[in-house]
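Colleague: Here is my input; please provide its structure:
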Amino acid sequence: MMGDYTKSETSLNKGLLFRVIWQSALCHERISGYINAISAMPLRNR
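Modeller: The predicted structure is shown next:
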């Protein structure tokens, strides 16, 4: 029973870590998208 608990705990931590990495990657993409839009704004206004 203890071994099963440890295994499920490890897979849960892996899933959590994957979710954190995935969300930070999405956030990074969004931030770079905002930066690109902001840097492209003056070109549009000219």
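
Colleague: Now for P42, how many residues are close by?
Modeller: Using other CB atoms under 10 Å, P42 is surrounded by 8 other residues. For the C-beta atoms, the positions are set from N, CA and C on the backbone; glycine is no exception.

Colleague: Also I31?
Modeller: Neighbours of I31 (other CB under 10 Å): 10.

Colleague: helix or strand for it, which one?
Modeller: helix 2-45 (DSSP states H and E).

Colleague: Show the pLDDT at R44.
Modeller: Per-residue pLDDT puts R44 at 62.

Colleague: Pass me the low-pLDDT residue ranges in this protein, would you?
Modeller: 1-6, 43-46 (pLDDT under 70).

Colleague: how about a cut-off of 80?
Modeller: 1-9, 41-46 (pLDDT under 80).

Colleague: And for K7, the neighbour number?
Modeller: 10.

Colleague: Could you give the number of residues near C27?
Modeller: For C27, the neighbour count with other CB under 10 Å is 10.

Colleague: Let me fix that, I meant to ask about T10.
Modeller: Using other CB under 10 Å, T10 is surrounded by 10 other residues.

Colleague: likewise the one 5 residues further on?
Modeller: A total of 10 residues lie near G15 under the criterion other CB under 10 Å.

Colleague: I'd like the distance from it to S8, if you could.
Modeller: Distance, G15 to S8, by CB to CB, to the nearest Å: 10 Å.

Colleague: what do you get for Q23?
Modeller: 22 Å.

Colleague: next one: N36
Modeller: 42 Å.

Colleague: what's the answer for I35, then?
Modeller: Separation of I35 from S8 (CB to CB): 41 Å.
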